[in-house]
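1. show me the folded form of this:
(chains A and B)
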Amino acid sequence: MLSESRGKPVNIETGRFKVRSMAARDLSGIFRAWASNPELMGALNMPARHLSPSALTRFISGYDDKSRYLIGIFEKKSGNLIGVFMLDINSRHALAKAAGFIGDRNWRGKSVFEEVGSALFDEFFKERGLEKATAQVWEKNFAALVPLRRLGFKIEGYLRDEIRSFDKSERRSQFLLGLLASDWKPFTHDR
Amino acid sequence: MTDESVGKVIAMINRALETPVDDLSANSRVLEIAGFDSLAMERLAAELGDARGGEINPLAFAQVETVRDLADLLEAESRTAN
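-> Below you'll find the model as predicted:
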């Protein structure tokens, strides 16, 4: 039974994907492999880690489908997990901070975030009361700008030396992007 | 912005794409070019950087809308480099 402190899980279908809140059972296998992949984690500014089962349990318990969402992107055909969306919600301001990654290399450059983000933000803006979404992107991660801008995110700022790199070797400037519910239009390829 | 810069940018975009397109112009919107994806964006950024012998201005590059904007950026970076 879901605890009362938990919110409503995400459960959406798009043309190619099932998009749903992740459960503990989803965190073994490929998810653990991603977490231990230095290249993938480095791009997210996180250290690669070998997560134990108890660490995974602690990790997933931090996502309550109310203030924090960990949303898996599953290919419909195979059922395989190919990527993840994360949303941190500030309910007072109806504001979400969005992040995500495609873990499966074969799906990079295949407009996954455009398709999934379109369905996800459509639900959050229209049914879950979200009024604004933001995302921060490392200034050298130009690839991440493509789906965000296609979804309608505007560059709202450039934050000089905003964060430390995970290994503390440098500071990283960030783009701040934002998308208002009032500007929202689901992505279509002819936009 | 010169025709030469536009031509250079169009050539760069076509090298960045897996399948080149032949109807690009100064007014083409970069994110609407068929086949232009996140990988093409990375390749284009790298090539623009190489053309300038270093890195491009990230904020200016991130905000480009059209091929014309890219050509302007290429020329501006060229003036800076000189």
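2. please report phi then psi for the closest residue to residue A:107 other than its chain neighbours.
-> Distance criterion Cβ to Cβ, 6 or more residues apart in numbering or on different chains; nearest residue to residue A:107, sequence neighbours excluded, is residue A:82 at 4.8 Å. Where C-beta positions appear, they are placed from N, C-alpha and C, glycine not excepted. With angles defined as degrees, to the nearest 10, residue A:82 sits at phi -120, psi -10.
3. correct me, but residue A:82 touches residue A:102?
-> Yes - shown here, residue A:82 and residue A:102 form a contact pair, counting by Cβ atoms under 8 Å, at 6.3 Å.
4. the residue nearest to residue A:107: neighbour count?
-> 22 (other Cβ atoms under 10 Å in any protein chain shown).
5. ok, now which ones touch it?
-> Neighbouring residues of residue A:82 by Cβ atoms under 8 Å, 6 or more residues apart in numbering or on different chains: A:17, A:73, A:74, A:75, A:102, A:103, A:104, A:106, A:107, A:112.
6. could you report the pLDDT at it?
-> Predicted confidence (pLDDT) for residue A:82: 96.
7. please apply the same query to residue A:109.
-> For residue A:109, pLDDT reads 86.
8. residue A:45 now?
-> For residue A:45, the model assigns a pLDDT of 84.
9. in a helix, it, correct?
-> No - under DSSP: H, G, I helix; E, B strand; the rest coil, residue A:45 falls outside any helix and is assigned coil.
10. re the thing from before, need the overlap of contacts for residue A:82 and residue A:102.
-> Common neighbours of residue A:82 and residue A:102 (Cβ under 8 Å, 6+ apart) are A:73, A:112.
11. what about residue A:164, how many residues nearby?
-> Residues near residue A:164, counting by other Cβ under 10 Å: 12.
12. returning to that earlier point: can you select the buried ones among the contacts of residue A:82 for me in ChimeraX?
-> The buried residues among the contacts of residue A:82 can be selected in ChimeraX (16 or more other Cβ atoms under 10 Å in any protein chain shown) with this line:
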select /A:17,73,74,75,102,103,104,107,112
